[in-house]
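Visitor: how would this look folded up:
(one chain, ligands or ions: 1)
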Amino acid sequence: MGKIETKIRRVELSDAETLASLGAETFYDTFVGTCSVEDMDGYLRATYSVEQVRRELSDPHDQFYFAEVEGVPVGYIRMKEDYEGLPLMKQWRAFECKRLYVKKEFHKTGVAQALMDFFMDYAIRNQYEVVWLGVWEFNYRAQRFYSKYGFVPNGHGHPFPIGNTPQTDIWLWKFIS
Ligand SMILES: CC(C)(COP(=O)(O)OP(=O)(O)OC[C@H]1O[C@@H](n2cnc3c(N)ncnc32)[C@H](O)[C@@H]1OP(=O)(O)O)[C@@H](O)C(=O)NCCC(=O)NCCS
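Guide: Now for the predicted structure:
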């Protein structure tokens, strides 16, 4: 599929239900089969409940944007200046892409690029020195996508358990010159 017209817009508090359902659907499609059914159910309930999503949307520094095609959200990005995951990043002005998820029907359409281009433009406009993100060590598709943007592993990782299923994320970064 070629590139399709994509509009990026900030997710509002009133979009909480749509974001919760898009978040759960895309997380499920990405990680189904990598953990037990119970672990997946518990993770989805805790992370993508409307209440939890509302809490995150209430923090003005925790920014969510939808990618919309013909007015319908088909992907989203979550971005924040947040050093909690890897405190050594504090030595720079660093901006984290905390999530980037696109519905599977819209992979390879340019929707993910529209979101990533938006993230990079935002980081450059706001004078960040480095952008960074975590990715599951076996998510080769996402790693390939990020490598096309110049992200490289920084040698650090962190546990990303889904319930009782241990998983490891690796940190990737890209310095902005
Ligand atoms: C990651 C994601 C945003 C990338 O968007 P996309 O539209 O699929 O990206 P693209 O098609 O432009 O790029 C993916 C690349 O990975 C390649 N790829 C696909 N499957 C792959 C695999 N199993 N192993 C290695 N590379 C793979 C594709 O060929 C493509 O590379 P190419 O352009 O050199 O051919 C999207 O796939 C997605 O939302 N995935 C589910 C959620 C997710 O994993 N998010 C990241 C969490 S950190």
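
Visitor: my guess is Gly42 contacts Gly163. True?
Guide: Yes. Using Cβ atoms under 8 Å, Gly42 is in contact with Gly163, at 4.8 Å. In this view, the C-beta of every residue, glycine as well, is placed from N, C-alpha and C.

Visitor: helix/strand/coil for the nearest residue to Leu100 once chain neighbours are set aside?
Guide: Closest residue in space to Leu100, ignoring its immediate chain neighbours: Ile77 at 5.0 Å, by Cβ to Cβ, 6 or more residues apart in numbering. Classification of Ile77 using DSSP: H, G, I helix; E, B strand; the rest coil returns strand.

Visitor: next, count neighbours for Trp136.
Guide: 17 (other Cβ atoms under 10 Å).

Visitor: residues in contact with it?
Guide: Phe31, Thr34, Ala142, Phe160, Gln167, Thr168, Asp169 (Cβ atoms under 8 Å, 6 or more residues apart in numbering).

Visitor: what's the local residue count around the closest residue to the first one other than its chain neighbours?
Guide: It refers to Phe31. Closest residue to Phe31 apart from its sequence neighbours, by Cβ to Cβ, 6+ apart: Ile162 at 6.3 Å. Ile162 has 19 neighbours, counted by other Cβ under 10 Å.

Visitor: partner residues bridging Ile162?
Guide: Thr165 (DSSP bridges).

Visitor: does it really touch Glu38, like I thought?
Guide: No. The criterion here is Cβ under 8 Å, and Ile162 misses it with Glu38 at 10.2 Å.

Visitor: from memory Leu57 sits against Ala16, does it?
Guide: Yes. The criterion here is Cβ under 8 Å, and Leu57 meets it with Ala16 at 5.8 Å.

Visitor: can I assume Glu84 sits in a helix?
Guide: No. Under three-state DSSP, Glu84 falls outside any helix and is assigned coil.

Visitor: residue contacts, it?
Guide: Applying Cβ under 8 Å, 6+ apart, no residues contact Glu84.
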